[in-house]
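Asker: what's the 3D shape of this:
(2 chains)
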There are 2 protein chains.
Amino acid sequence: MKKLIQEKTHFLNDMLDGLKITHPELDVIADAVVVRQSKKQSGVALVSGGGSGHEPAHAGYVAEGMLDAAVCGEVFTSPTPDKVLEAIKAVDNGDGVLLIVKNYAGDVMNFEMAQEMAEMEGIRVETVIVRDDIAIDVVEQRRGVAGTVLVHKYAGYLSERGTSITEIKEKIEAFLEGVRSIGMALTPPAVPTTGQYGFDIEDTEMEIGIGIHGEKGLERTAVEPVKAIAKRLIETLETEVTASELVVMVNGMGGTPLSELNIVTKYVSEVLEEKGKTVKRWFIGDYMTSLDMQGFSLTFAPYDKAVVEALNAPTTSHYFNN
Amino acid sequence: MKKLIQEKTHFLNDMLDGLKITHPELDVIADAVVVRQSKKQSGVALVSGGGSGHEPAHAGYVAEGMLDAAVCGEVFTSPTPDKVLEAIKAVDNGDGVLLIVKNYAGDVMNFEMAQEMAEMEGIRVETVIVRDDIAIDVVEQRRGVAGTVLVHKYAGYLSERGTSITEIKEKIEAFLEGVRSIGMALTPPAVPTTGQYGFDIEDTEMEIGIGIHGEKGLERTAVEPVKAIAKRLIETLETEVTASELVVMVNGMGGTPLSELNIVTKYVSEVLEEKGKTVKRWFIGDYMTSLDMQGFSLTFAPYDKAVVEALNAPTTSHYFNN
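Answerer: Take a look at the predicted model:
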């Protein structure tokens, strides 16, 4: 396996050092927490994070109109509770801190512990858990994937408008009721810290229903032309997202060239049109990746005017508006 | 080879159809020319382009503050003169049309023919040729690579300020005197239209001095830690870019995850610091890619206050400010 790294054990620190160079408006505290240099003085503070390897998530969304802090674990590894606590304390301004957590056992446990510790210090903390991955049958076990980035944006908008923590949590949970994602891959991610590939796969096969940490799909089949792939994913999403007007995200997995994401978009659009669905807002780009995996995920949300207004509002993140 | 495509022969058209969905502010004319829907009514019009496979270049830079049109050839293949002529005629507003051409025999010939045809129709056309790739010894044979994107931005800024075509051409040529790039790769690009890889390479090797069309490097060596790679590239660039204050672009080749680009940035910065050089402006992201190749290029330009002001000016391109 070939990677552009210095030493396996320095992956996270080196990446964050590089991020700081690219984004001088950010700071890294406690070796793992990315915050804005100019702390938000009022409004609910938003903290997200999780294992690394999903860049630009989550640190790339620490920006005006999105997150206040991202807690970065090692590659595909939850950050520890003390780091989450550092993040909470760094961004708290008295208006409460909302944790946006993807549904993985480690993340949920560690963010919850941090929440309890922060509450003992008198900080108001609430949590929303994102479980948008329809590939998993049991709802409670569904993983948080690309839909999380829409939550960062929507919550960021609400916070900037002075919405209370109770109301943001309610609105986000209502929004998440409708958000579903599913991913596919042609290749596994190559994990730089272990030297291992997420899974083995033949050069004629693809995985449907993959996770973003090298978890193989729920189904392996021969590679199909992209319209057939789009149809598969759409017909799975349709079982739960029945709205005729949609917000659609075509999310690259990190190693997929933009040309192919555009081709995917064309055929997703074509299949949806054939089904009489209208896409009111598209998001196309690398939002929630899995290192250098080649593949994409599709996220559907029912169209809602207020939500789209929030998603369209400005942010200083360079990574959201592709 | 596995690719997210429908049919090999539809790659370009499908990609442009997808681009139009992502960017409703753009139009595709003559099957291969991307233009802004709202034509610029005054100021020099800027046309660039070349083979496809370099996304977001060139169509992603058709935006306010950058290009007026991008002429898209098939993958790694020059667009024909008639398409370039269509682009020129579509964007001409009487203030002249500047062609920004990467130095490849086919591109240079086809853009030149289009220029001659347009001039016969009474349109004022000028051309600048970008040859920033220091990997090639003979200056006249140097390829145009990532530095081209800085030219799009600088020229776009000048055009929006009403600078004459003569003056823009002079300023760009003066700027290009100082711009040098060099690329490296861990993997070759997988070309969807031919089913071929750009070159063969072992899992322990890297290529230094690659092109962006699957041309192998001038040197093949064992993979090194990224600081050693950064040092190699910097020491080549230094032979011609001697300024102590620099603009530096770290350009991903399409399949390189953002995490690794950030790690590259850290060590480029470290090596430059050891050499007493200051970076006044960084650009980090996928600007001029080679399909799904894993690797990066480094571009250096001597710092110039006016140029950086131009590079920092707003643009509606979603792909420039990463």
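
Asker: from here on, contacts and neighbour counts on C-alpha atoms
Answerer: Will do.

Asker: average pLDDT across the one helix or strand A:Arg232 maps to?
Answerer: Remark: A:Arg232 resides in helix A:226-238, with elements defined by DSSP states H and E. With pLDDT averaged residue by residue, helix A:226-238 scores 98.

Asker: That helix: what's the following helix or strand?
Answerer: strand A:245-252.

Asker: Tell me if that next one is near chain B.
Answerer: No. Contact between strand A:245-252 and chain B, assessed by C-alpha under 8 Å from any C-alpha of the partner chain, is absent, since the two come no nearer than 10.0 Å.

Asker: And the contacts of that strand?
Answerer: By C-alpha atoms under 8 Å, 6 or more residues apart in numbering or on different chains, the list of residues contacting strand A:245-252 from outside reads A:146, A:261, A:264-265, A:277-289, A:294-303, A:308.

Asker: Of those, just the buried ones, ChimeraX syntax please.
Answerer: Here is the ChimeraX selection string for the buried members of these, based on 16 or more other C-alpha atoms under 10 Å in any protein chain shown:
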select /A:146,261,264,265,277,278,279,281,282,283,284,285,286,287,288,289,294,295,296,297,298,299,300,301,302,303
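
Asker: Cross-check the contacts of strand A:245-252 against chain B and keep the overlap.
Answerer: Restricting these to contacts with chain B (C-alpha under 8 Å from any C-alpha) yields A:Leu261, A:Val264, A:Thr265, A:Trp282, A:Phe283, A:Ile284, A:Gly295.

Asker: SS state for the fourth one?
Answerer: So the one you mean is A:Trp282. When classified by DSSP: H, G, I helix; E, B strand; the rest coil, A:Trp282 comes out as strand.

Asker: who in the stretch 201-322 of chain A is up against chain B?
Answerer: Counting by C-alpha under 8 Å from any C-alpha, the stretch 201-322 of chain A comes close to chain B at A:203-204, A:223, A:225-227, A:254-266, A:282-284, A:291-292, A:295, A:318-319, A:321-322.

Asker: Can you flag which of these belong to helices?
Answerer: A:Val226, A:Lys227, A:Leu258, A:Ser259, A:Glu260, A:Leu261, A:Asn262, A:Ile263, A:Val264, A:Thr265, A:Lys266 (DSSP state H).

Asker: Just give the number of residues close to the closest residue to the last one other than its chain neighbours.
Answerer: Nearest in space to A:Lys266, with sequence neighbours left out and distances taken as C-alpha to C-alpha, 6 or more residues apart in numbering or on different chains, is B:Gly18 at 4.4 Å. Counted by other C-alpha atoms under 10 Å in any protein chain shown, the residues lying close to B:Gly18 total 23.

Asker: Ok, A:Glu274 next?
Answerer: Using other C-alpha under 10 Å, the number of residues around A:Glu274 comes to 10.

Asker: Dihedrals phi and psi, it?
Answerer: Here is the backbone geometry of A:Glu274 (degrees, to the nearest 10): phi -60, psi -30.

Asker: any idea how far it lies from A:Ser244?
Answerer: Taken as C-alpha to C-alpha, to the nearest Å, the spacing of A:Glu274 relative to A:Ser244 amounts to 12 Å.

Asker: just A:Gly43 next, same as before
Answerer: A:Gly43 sits at a distance of 34 Å from A:Ser244 (criterion: C-alpha to C-alpha).

Asker: Sort out which of the residues of the stretch 201-322 of chain A next to chain B are buried, if you could.
Answerer: Among those, the ones that count as buried by 16+ other C-alpha under 10 Å are A:223, A:226-227, A:254-266, A:282-284, A:291-292, A:295, A:318-319, A:321-322.
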